[in-house]
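Participant: when you get a sec, could you give me coordinates for this:
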Amino acid sequence: MKTAVIGTGAMGQHHVRLYSDIAGSELVGVVDHNTAQTDRLCALYGGRAYTDYREMLDKEKPDAVTIALPTSYHHQATMDCLDAGIHVMVEKPIAKTVDQAREMIAKAKEVNRVLKVGHIERFNPAVTQLKERLADGQLGRIFTIHSRRQSPYPGRITDVGVASDLATHELDMMRYIAQSEVHSMTAEISKVMNTDNEDIVFGLLRFENQILGILDVNWVTPTKIREISVTGENGMFTVDYLNQNLTFNSNYAAEQNENQSDWFKAKFGVAEGDFTRFRVEKREPLRVEIESFLECCRDNSSPLVTGEDGLEALNLALKIVDCNYNCGCKKIDNS
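Facilitator: Next up is the predicted model:
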């Protein structure tokens with residue numbers, strides 16, 4: 001398949017590298033206004049450099065593209081690519097507004113092309129194994145999901161706040177793990193870096209299946225933290241996204257009863273048990289994600305992260321900011 005990348009910032013340049021290396025992908029175009037960047041990337045990985053993606057679409061006619069532009073440009077670029085009959089992987093957040101996201105989803109359906117949103121953590125091997133263990137019932141009933149995504153302030157991002165940029169990752173992961181939609185939430189945000197957008201978000205979510213979600217996201221921590229913990233009847237799983245580690249703290253009280261459901265009904269309690277670190281076969285999540293995207297393009301099948309998934313993550317992120325100004329618990333409208 002002929003592939004191209006539109007936008008070569010922090011994420012886009014990695015898409016260029018991988019499209020040039022993945023079997024079955026022929027990198028034909030690299031687009032950015034930064035000509036020094038595109039010239040450097042094309043010299044390293046191939047393809048031809050462009051400053052205008054419309055010119056690239058017309059000359060190269062790619063089958064699939066990644067759009068890694070600033071969020072404000074996601075909508076127009078995606079619509080143009082879909083109109084040209086091209087499959088699209090757009091980095092998260094899917095768009096600046098919910099209405100834009102809906103238009104993108106509708107256009108993809110109209111032209112029968114794949115629209116995939118770049119929520120990369122679903123392709124993290126530690127998350128894949130976590131999902132398998134949860135599906136196998138190893139945790140029993142889930143009580144809480146606690147997400148932490150923290151880092152220093154990224155000066156390159158000026159068009160959205162931390163809710164749209166970082167919280168969308170964790171909101172998508174919470175939905176993916178809970179297998180349920182959010183019923184209600186309350187949140188607090190703060191602006192401490194003298195910007196127009198929020199840089200600290202704390203949120204408390206209740207899912208329709210009664211799982212509680214705790215969201216702790218910011219741009220003011222002087223180190224990167226990427227972690228999600230899932231607590232249930234039998235203990236707690238924790239994923240360290242950065243190191244692709246999956247660990248488990250068992251509930252000793254649950255282990256003492258052969259019938260887990262009887263343990264839960266009797267409320268025997270919780271006690272500290274064994275700590276286990278599972279072996280995870282590590283792979284670059286972005287490579288796995290792009291390979292999955294290209295496979296969907298070939299088969300014209302539904303991706304693991306659909307446009308609707310991206311829409312809901314964006315919707316929740318924007319509602320979190322709205323919660324801060326409207327105060328109190330807010331029921332979510334998923335329409």
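
Participant: doesn't residue 180 fall inside a strand?
Facilitator: No. Per DSSP: H, G, I helix; E, B strand; the rest coil, residue 180 lies outside any strand segment and is coil.

Participant: pLDDT value on it, please?
Facilitator: As predicted, residue 180 sits at a pLDDT of 97.

Participant: ok, it - how many residues close by?
Facilitator: By other Cβ atoms under 10 Å, the residues close to residue 180 number 16. Backbone N, C-alpha and C define where each C-beta goes, glycine included.

Participant: list the contacts of residue 202.
Facilitator: Shown in contact with residue 202 (Cβ atoms under 8 Å, 6 or more residues apart in numbering): 187, 188, 189, 215, 216, 217.

Participant: ok, now residue 190?
Facilitator: Here residue 190 is in contact with 198, 199, 200 (Cβ under 8 Å, 6+ apart).

Participant: now it: phi and psi?
Facilitator: phi -150, psi 150 (degrees, to the nearest 10).

Participant: returning to what we had before: who wins for neighbours among the contacts of residue 190?
Facilitator: That'd be residue 198 among these, by other Cβ under 10 Å, with 25 neighbours.

Participant: tell me the SS of that one?
Facilitator: coil.

Participant: I'd say it and residue 165 touch.
Facilitator: No. Using Cβ atoms under 8 Å, residue 198 is not in contact with residue 165; the gap is 10.0 Å.

Participant: which residues in the stretch 101-250 of the chain form strands?
Facilitator: For the stretch 101-250 of the chain, the strands defined by DSSP state E, counting those that start in this stretch occupy 115-118, 142-150, 182-190, 200-207, 212-218, 225-232, 235-240, 245-251.

Participant: winner for burial among the ones you listed?
Facilitator: Most buried of the strands of the stretch 101-250 of the chain, by mean neighbour count (mean count of other Cβ atoms under 10 Å): strand 115-118, with a mean of 28.

Participant: quick one: mean pLDDT over it.
Facilitator: Rounded mean pLDDT across strand 115-118 is 98.

Participant: from the contacts of residue 190, pick the one nearest residue 76.
Facilitator: residue 198 (24.9 Å; Cβ to Cβ).

Participant: quick revisit: and the contacts of residue 202 as CSV, adding pLDDT and distance to residue 290?
Facilitator: Listed next are the contacts of residue 202 as CSV, based on pLDDT from 0 to 100; distance: Cβ to Cβ, whole Å:
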residue, pLDDT, distance to residue 290
187, 91, 33
188, 91, 36
189, 91, 33
215, 97, 28
216, 97, 29
217, 96, 25
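
Participant: could you dump those to CSV with distance to residue 130?
Facilitator: Converted to CSV, the contacts of residue 202 look like this (distance: Cβ to Cβ, whole Å):
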residue, distance to residue 130
187, 25
188, 28
189, 28
215, 18
216, 19
217, 20
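
Participant: identify, from the residues you listed, the entry nearest to residue 21.
Facilitator: Minimum distance to residue 21 across these is 31.8 Å, recorded for residue 217 (Cβ to Cβ).

Participant: thinking again about what came up before, could the strands of the stretch 101-250 of the chain go into a markdown table alongside distance to residue 45?
Facilitator: Converted to a markdown table, the strands of the stretch 101-250 of the chain look like this (distance: least, Cβ to Cβ, whole Å):
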| stretch | distance to residue 45 |
| --- | --- |
| strand 115-118 | 19 |
| strand 142-150 | 29 |
| strand 182-190 | 39 |
| strand 200-207 | 36 |
| strand 212-218 | 33 |
| strand 225-232 | 27 |
| strand 235-240 | 30 |
| strand 245-251 | 30 |
